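S.K.: Have a look at this fold, sequence not included:
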C-alpha cells in the first residue's frame, strides 16, 4: 500500500541522495483534490488549427492562463519559454495534417514548449480517426500520430502525461469534457493512451458535480479500487449504491453510511443474484460499474477446475449476466454509462493468470460487443484497464516482482486507487457518451502490452 | 550479432552452470532448414471441433504423426502423455465456444498436453472473429481467448510459441497455409500473436517452392534483415529483384548474383525514384517488400529537422509514394502481396525515437488504410513488426540496454533476421491473401507493447 522509495525520493534528504547516486527519481504525481476550481492549475498552450479554435472558445473554463504558439492566434498571447509561465497543459491540433511532410509541425511545436514545462504537465494531441479518412496518405499520417504520442509519453518525464484523441464526426463539441479529464490531475496516472471521441447529445450542467441526479451502482465497493470509485462518484454528485459479498457487509455499510448511499450485500454469482438486484433497484440505474473481481493465480499446468471457474464467473460471466438482466428489465436508463474494470493482464496476458487474463480479455469483449447494441439507447460502455495500482492485492506480491511492476512504466511508480476511480468517474459523465466500446489503460504507460 | 549467453546456456558445461546457479536458460530455437520436408517434425495433437475436422483432412501433409485428444475423433489415435510421442504442435479449436462456462475446455485440453511437450512446440488456438458474431456473449467468449493465448505464451517455456487465429467467413479453406507457418519452425520467434484469416481464392501448387513464378522486389536488400528476406523469397522460388542505395551497390550486386536475381541501385527518396523504378520493372511485380529503413535517434528536445525528415521520408513517405506509383502504372499484378516492415517502436513508442516510431506507426497506417483499396484487386498488404533482432544495428546498442531488449520476451533471447524473413515470405505466399491489413509482430512475445 505504500511506496517507500517514492516517499524517500521526494523527501529533502532523499532528493539529494537519489541525485548523487544517479538513481531514478520518480516525481510524486499531482492529483485532484476536492474543492479545486479549474481543471488546469497553470498555463495552457494551444497550437493553431480548427480543434484548437473550438478549445479556445471554452479554454477560460479550464485555466485563467491561455497561450498560443503563434502570434495573434485566437487573440491569445504568444507563449515563449523565456517570458511566459511554465506550462501545465499543451494541446496540439494535428487534425488537419494530411501529408507526411507536415508532421514536422509536431517537432516545431513541442521542441520549444518542452523548454518551459512545469511539473506534471498534461499533453493532448488531437487527430482525426484514420478509419474515417478515405485518402490512404492522410489516413496513414493520422495513424502515425500514435507512434509519436507513445514515444513522447516515454520522453516527457516530470510526471507528465501524453494522450492522442481522435475526434470523429460530431466529437468536436465534446472536447471540453475530455480535456477536463486529460488536461487535469484527474488523469495523473493515464498516459500513452489513444481514444476516439464521437458525437453525444448529453450535457453536463454543473461541472463541479457532473453526476448530480444520477444513481450509480458499484460492485466490489467495500474496499480498494471499488471504495475509491464509490467515493469519487459520490464526490461528483451521484447517489451511490454499494454492492459487495455478504462477508464484507460491515465495511460496506460503514462506507455507505459515510457517503449517504445504500448498500446491497449480495454475491453476484449467486443463482438468484439478478432477481435480488432487480428487487433492490426498482428505480433503475444511470451508472453501472462492474468492479468486483478476484484472482486465483496458478500456472495452467497446476490450475484446478475451481480456480478456473471462479475467476471466469466472478470477473466476466456474472457482470455480463447482471447487465443483461438489467437491460431486459429496462432498468438501465437512457444515456446510462457502463464501466467495466479490465486489466493490463487482459491485454498483454500474464504468467500464472490464464484464468484472470481470459476473464479480463472477456471484459474487453463485453465492452466491444455490447457497445453497438447499447448505443441505440445512447448508453455507453467502456473498460478501464488498471496497471500496477497500490492496493492490498499488489502489496501481497513478492518484493522483486512488486518493484518491477511498480517501476516499469513512464511514471516510475504505481498508481493509486483514486487514479482508476477518476477514469471511471470520467466515463460516467453524461458527455462521456462520446466514447464507447473503448478501453482506457490507467497504468502510467506501463511498458507491458500486446 | 552474437548472443554469447545463449550459446553458453546451450553448451554442455553452460547447461550445468546455468542450472546450478538458477539462471534463466533460454533454449536455442529450432529453425527451418532448407531441404526439410514436412512442416512439423513430430507429433501434432488436435482437439475436436469443426476447424480441427478441416485440419484433419490435410494434417498428414504437415506431419506423419497426428493424434486426437478424444477417443475416435477423426479416426485418429488418442494421444496420452504416458504412451504417445512428445508433442511438437497443438491445435485447439475454440470456434464453437459460445458461453463462458465452455472455456474450461481450454484447461482440459492443455493441462494434460503440457505434460508431454517436446522442445519448441507450436500452439495454435482457433476462434471466430468476435466482431463477426452478433450475440454479445458469444463474441465476448471469443474475444476472451486473446487473454488466454497471450498468457499461455508467457507460461509455455521450452522455446514454445502460442498464437490465436480468428477464422472468418471462407477462411477455413486457408488454414493449411497458415498452419504451415504457425506450426513449423518458420514461426520460431513469433508468439502471442492474434491474426484474422479470411477468404482467398489463390492457391499454392508446390508447397516446397510456393513463390515459383513470382517476381519479388525487396528494398534495403543488401544486408541484415533485407538480405535475409531476399534469400528466403529466393529459397521459396521467387525471382528476386534487390534494391538498395547506390552506396551499397557492390554488396547488392554480389548478393543478387549469388541468388540469380537482379539489382537496382537507387535511393528511394530521390526525386525521380518512382520513374526509375517503373523503368527498371517493365513487367511489374507480384511481391513488394518495403524493408528499407533508417534510425536517427535523439530525444525530441534535441532532434534536428534533418533527423526528423530523413526518417519520415525513408521509412514511410517514400514506400507509400513508390507503392502509389506502381499502382497507378498498373505494375502490381492481380493477387500481388505487399509487405511493409514496421517495428515494435511503432506500436509501443520508444524513448529517443519520436521520428522512428511516428514513421513505423505510419507504416501500420499505410497497411490498414490501403488494405480495403487493394483488396478489390485481390492484393494483400500487411506489416511485420520486428522486436529485438540480432543485427549490426542492434549490436551497436550499449550492453545493458541490449541485454534488456534481448531478454524481455517469452523466449529470453533476440530473434534472427531469418525470423523476420520467414514471416515476410509467409505473407508473400499466394494463399496468404487470406490475411490483409494486419500487423504481425516477430518479437518472441516481447513484454513491450501498447
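M.R.: That came through, no problem. This structure is a prediction, so every number in the text was calculated from the model and none was measured.

S.K.: in the stretch 1-150 of chain A, which segments are predicted with low confidence?
M.R.: The model of the stretch 1-150 of chain A has pLDDT under 70 over residues A:1.

S.K.: which residues in it form strands?
M.R.: Using DSSP state E, counting those that start in this stretch, the strands of the stretch 1-150 of chain A run over A:43-46, A:65-68, A:87-93, A:117-127.

S.K.: For the stretch 201-350 of chain A, which residues are neighbours of chain B?
M.R.: For the stretch 201-350 of chain A, the residues in contact with chain B (CB under 8 Å from any CB of the partner chain) are A:299-301, A:303, A:305, A:308-309, A:312-313, A:316-317, A:320, A:324, A:345-350. (Glycine included, C-beta is placed from N, CA and C.)

S.K.: Any quick PyMOL command for the buried ones out of those?
M.R.: Selection of buried members from those for PyMOL, criterion 16 or more other CB atoms under 10 Å in any protein chain shown:
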select buried, chain A and resi 299+300+303+308+309+312+313+316+317+320+345+346+347+348+349+350
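
S.K.: follow-up on the earlier one: adding distance to chain B, write the strands of the stretch 1-150 of chain A out as CSV.
M.R.: Converted to CSV, the strands of the stretch 1-150 of chain A look like this (distance: least, CB to the nearest CB, whole Å):
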stretch, distance to chain B
strand A:43-46, 15
strand A:65-68, 19
strand A:87-93, 12
strand A:117-127, 10
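
S.K.: right, and these - which one's nearest residue B:186?
M.R.: Residue B:186 sits nearest to strand A:117-127 of all the strands of the stretch 1-150 of chain A, at 36.9 Å, using CB to CB.

S.K.: OK, contacts around residue A:253?
M.R.: Counting by CB atoms under 8 Å, 6 or more residues apart in numbering or on different chains, residue A:253 touches residue A:263.

S.K.: mind running it again at 10 Å?
M.R.: By CB atoms under 10 Å, 6 or more residues apart in numbering or on different chains, the contact list for residue A:253 reads A:222, A:242, A:244, A:261, A:262, A:263, A:265.

S.K.: Which segments of chain A make up each domain?
M.R.: Following automatic domain parsing, one gets these domains for chain A: A:31-197, A:215-442.

S.K.: Any idea how far the longest one is from the middle of the chain?
M.R.: It stands for domain A:215-442. 13 Å (CA atoms, centre = their mean, to the nearest Å).

S.K.: how about the helices in the stretch 301-450 of chain A?
M.R.: Assigned by DSSP state H, counting those that start in this stretch, the stretch 301-450 of chain A shows helices spanning A:305-312, A:318-328, A:344-348, A:354-375, A:392-395, A:399-407, A:417-428.

S.K.: ok, back up a step: in helices, which of the contacts of residue A:253 fall?
M.R.: Using DSSP state H, no member of the contacts of residue A:253 falls in helices.

S.K.: ok, these vs residue A:399, which is closest?
M.R.: Lowest distance from residue A:399 to the contacts of residue A:253 (CB to CB) belongs to residue A:222, with 27.3 Å.

S.K.: Would you check that that closest one makes contact with residue A:249?
M.R.: Yes: in terms of CB atoms under 10 Å, residue A:222 counts as a neighbour of residue A:249; the distance is 8.2 Å.

S.K.: and for those two, which residues touch both?
M.R.: Overlap of the contact sets of residue A:222 and residue A:249 (by CB under 10 Å, 6+ apart) consists of A:263, A:265.

S.K.: Show me which of the two is the more surrounded one.
M.R.: residue A:222 (25 against 15; other CB atoms under 10 Å in any protein chain shown).

S.K.: Can you tell me how far the more buried one is from chain B?
M.R.: Going from residue A:222 to chain B by CB to the nearest CB, to the nearest Å gives 25 Å.

S.K.: per-residue confidence for the residue of the stretch 201-350 of chain A found nearest chain B?
M.R.: Residue nearest to chain B within the stretch 201-350 of chain A (CB to the nearest CB): residue A:349, separated by 2.6 Å. What the model reports as pLDDT for residue A:349 is 98.

S.K.: Can you report how many residues lie near the residue nearest to it when sequence neighbours are not counted?
M.R.: Nearest residue to residue A:349 in three dimensions, chain neighbours excluded: residue B:150, at 2.6 Å (CB to CB, 6 or more residues apart in numbering or on different chains). Residue B:150 is flanked by 31 other residues according to other CB under 10 Å.

S.K.: Could I get the contacting residues of residue B:150?
M.R.: A:345-350, A:353-354, A:357-358, A:361, A:450, B:162-164, B:191-194, B:410, B:445, B:449.

S.K.: now for the helices of the stretch 301-450 of chain A, which one comes closest to residue B:376?
M.R.: helix A:354-375 (26.1 Å).

S.K.: Tell me which residues of that closest one come out buried.
M.R.: By neighbour count on 16+ other CB under 10 Å, the buried set for helix A:354-375 is A:354-371, A:374.

S.K.: hmm, back to that, just the buried members of the contacts of residue A:253?
M.R.: Using 16+ other CB under 10 Å as the burial test, the contacts of residue A:253 include A:222, A:242, A:244, A:261, A:262, A:263, A:265 as buried.

S.K.: Name the nearest of these relative to residue B:284.
M.R.: Nearest to residue B:284, judged by CB to CB, of the buried ones among the contacts of residue A:253 is residue A:244 at 66.3 Å.

S.K.: How much space separates the closest one from residue A:250?
M.R.: Distance from residue A:244 to residue A:250, counting by CB to CB, to the nearest Å: 10 Å.

S.K.: again with residue A:169
M.R.: Per CB to CB, residue A:169 is found 50 Å from residue A:250.

S.K.: same question, residue A:423
M.R.: Separation of residue A:423 from residue A:250 (CB to CB): 28 Å.

S.K.: Neighbour count for these two, which is higher?
M.R.: Neighbour count, other CB under 10 Å: between residue A:423 and residue A:250, residue A:423 has more, with 28 against 10.

S.K.: just checking, the more buried one touches residue A:163?
M.R.: No: applying CB under 10 Å, one finds residue A:423 not in contact with residue A:163, separated by 11.8 Å.

S.K.: Find the residues that touch each one of those two.
M.R.: Both residue A:423 and residue A:163 are contacted by A:181, A:187, A:190, A:193, A:440, under the criterion CB under 10 Å, 6+ apart.

S.K.: and the two most separated of those?
M.R.: Across these (CB to CB), the longest gap, 10.9 Å, separates A:181 and A:193.

S.K.: any common contacting residues for the two?
M.R.: Joint contacts of residue A:181 and residue A:193 (CB under 10 Å, 6+ apart) are A:163, A:187, A:423, A:440.

S.K.: from these, which two are the most distant?
M.R.: Maximum pairwise distance in these, criterion CB to CB, is 11.8 Å, between A:163 and A:423.

S.K.: so where's the stretch 251-400 of chain A uncertain?
M.R.: Those would be none, if you go by pLDDT under 70 across the stretch 251-400 of chain A.

S.K.: ok, now with 90
M.R.: Scanning the stretch 251-400 of chain A for pLDDT under 90 picks out A:392-400.

S.K.: can you pull the buried residues of stretch A:18-28?
M.R.: So stretch A:18-28, judged by 16+ other CB under 10 Å, has buried residues A:18, A:26, A:27.

S.K.: How about stretch A:230-242?
M.R.: For stretch A:230-242, the neighbour count (16+ other CB under 10 Å) marks A:230, A:231, A:232, A:233, A:234, A:235, A:236, A:238, A:239, A:240, A:241, A:242 as buried.
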